[in-house]
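In: Here is a sequence together with a model predicted from it:
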Amino acid sequence: MRIERKSQGPRILLFFALTLVAALLMNLLVIPMVLGTSGEEKIPDMMLGGYTLADVMRIFGAIGPEGRSAFLWYQLPLDMLYPYFYGSFLALSVAWFFKKTGNGNKRIAWLSLLPLLAALFDYLENVMEIILLVRFPDITAGMVSLASTFTLIKGLALMISILVLLLLILLYLARTLARKKS
């Protein structure tokens, strides 16, 4: 698998650093700018349990024109880079740990592609958020439902990806400790 060949320490560290920088910029600078003094705590793509038309109308109304503009012109461009960074970091990390633990079994190695699925649905979610922001307040429940579905799938794929990575790290550590004891 191509991703397995590309999973090297320096590349993984680069994507980790890029993921961290983008996450910090979004969470410490851009999202607070979007939310301003609205009293809202989250933007829709952070609501991994999904959201409704009423939620989006409330949030977009509360953040006002300035918040919606900041969302569209600052948050979403940065969020178009973020899935590439975290998807690459997680996919390469999972592939690397599969190699290191001797679990290169093709039947389960496809799990290293799961973070890329999360990134794909993050992109689809971002496109829907652009549509919602541009069309606000003329948005429909169907549009929001589609965006929310993309958010749910992204969140699920991301959580499973992180769980797989954590399990592989634990397996790697256990095998490393077992080798040192013998």
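Out: That came through, no problem. Just so it is clear, the structure is predicted and the values come from calculations on it, not from any experiment.

In: Quick one: mean pLDDT for the lengthiest helix in the chain?
Out: Longest helix in the chain by number of residues (criterion: DSSP state H): helix 141-181. Along helix 141-181, the predicted confidence averages to a pLDDT of 94.

In: what's the answer for stretch 119-128, then?
Out: Within the predicted structure, the mean pLDDT of stretch 119-128 is 98.

In: do stretch 102-109 as well
Out: Across stretch 102-109, the average pLDDT comes to 67.

In: Compute the first-to-last residue distance for it.
Out: Between the start and the finish of stretch 102-109 there is a gap of 11 Å, counting by C-alpha to C-alpha, to the nearest Å.

In: Same question for stretch 32-43.
Out: Taking C-alpha to C-alpha, stretch 32-43 runs 10 Å from one end to the other.

In: Pull out the buried positions in it.
Out: In terms of neighbour count (16 or more other C-beta atoms under 10 Å), stretch 32-43 has its buried residues at 34-35, 38, 40, 43. C-beta here means a position set from N, CA and C on the backbone, and glycine is covered the same way.

In: Check which helix or strand residue 16 maps to.
Out: Element membership for residue 16 (DSSP states H and E) is helix 9-24.
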